[in-house]
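> Structure, please.
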Amino acid sequence: PPFNFQDSNKELQGFDIDIAKALCDKMKAKCEFMAQDWDGIIPALKAKKYDAIVASMSITEERKKQVDFTDKYYQTPARFATKKVGGFTAVTPEALKGKTVGAQSSTIHANYLEDLYKSKGVTVKLYGTQDEANADLAAGRLDGVLADSVVLYEWLEKGDAGKCCQFVGPDIKDVKYFGEGAGIAVRKEDKDLKQQFNKALAEIIKDGTYEKLNKKYFPFSIY
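You can find the predicted model right below:
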């Protein structure tokens, strides 16, 4: 949440889903939605389990080796979060030596921690979902987490579970790790589909649909 999640009826909801539906409407396409574990999301696309990934996937050089991306449909920085009481105040690798920091596995945040922090004596613990990492932070089993700032904002500000914790440190926007924003991933051979998505994206930005969906979920622009 708020990008993609299942409601009480096991229906997929969230900003990603609403954006995808708006794009499908513009493309006059009948679209079906399915959930997929993050670790296998690109392999399943390449295996033609589905035709596109609309799941807050950051556009990075590493991923471009496997798939093609549309233009970005949003861009938000990464941030650390820690406990309000007994947490850390500095977020450099040196400052976090001896600490345990969590992230969702197979993400840009996990890569960032493993490349820059692990060698400096920081224990990096990876989770299947961000919710699991957040729960361990709240329970005191982690010193901090690194994740998308809007995902953390949702947890910290909109429910009781995140009241334990707070943002710490600046926005992190290193393009090498965090890419050029979130885009829709398609198979490299699906050039026409990529163009259709880009055309539809430009249209929903121009006609105000994008802004309306942005305001539905966020009190600030994420584009």
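> element containing the residue nearest the centre of the chain?
The chain has S56 as the residue nearest its centroid, 4.6 Å off, counting by Cα atoms, centre = their mean. Assigned by DSSP states H and E, S56 belongs to strand 53-58.
> and H109, how far is that from A161?
Between H109 and A161 the computed distance is 19 Å (Cβ to Cβ, to the nearest Å). Any C-beta I mention is one placed from the backbone N, CA and C, and that applies to glycine too.
> What's the first helix or strand after the longest helix along the chain?
Longest helix in the chain by number of residues (criterion: DSSP state H): helix 191-206. Sequence order places helix 209-217 as the next helix or strand after helix 191-206, per DSSP H and E.
> which helices and strands sit right next to that following helix?
helix 15-27, helix 191-206 (3 or more Cβ pairs under 8 Å, 6 or more residues apart in numbering; DSSP states H and E).
> for the first one, packing partners?
Of the remaining helices and strands, those touching helix 15-27 by 3+ Cβ pairs under 8 Å, 6+ apart are strand 53-58, helix 191-206, helix 209-217.
> Pick the most deeply packed of those.
strand 53-58 (a mean of 22; mean count of other Cβ atoms under 10 Å).
> Averaged pLDDT, the helix or strand that that strand is followed by. What do you get?
Counting by DSSP H and E, the next helix or strand C-terminal to strand 53-58 is helix 61-64. Mean per-residue pLDDT for helix 61-64: 95.
> Excluding chain neighbours, give the residue nearest to K21 in space.
C31 (7.1 Å; Cβ to Cβ, 6 or more residues apart in numbering).
> ok, that neighbour to A52 distance?
Taking Cβ to Cβ as the measure, C31 falls 9 Å from A52.
> between those two, who's got more neighbours?
A52 (21 against 14; other Cβ atoms under 10 Å).
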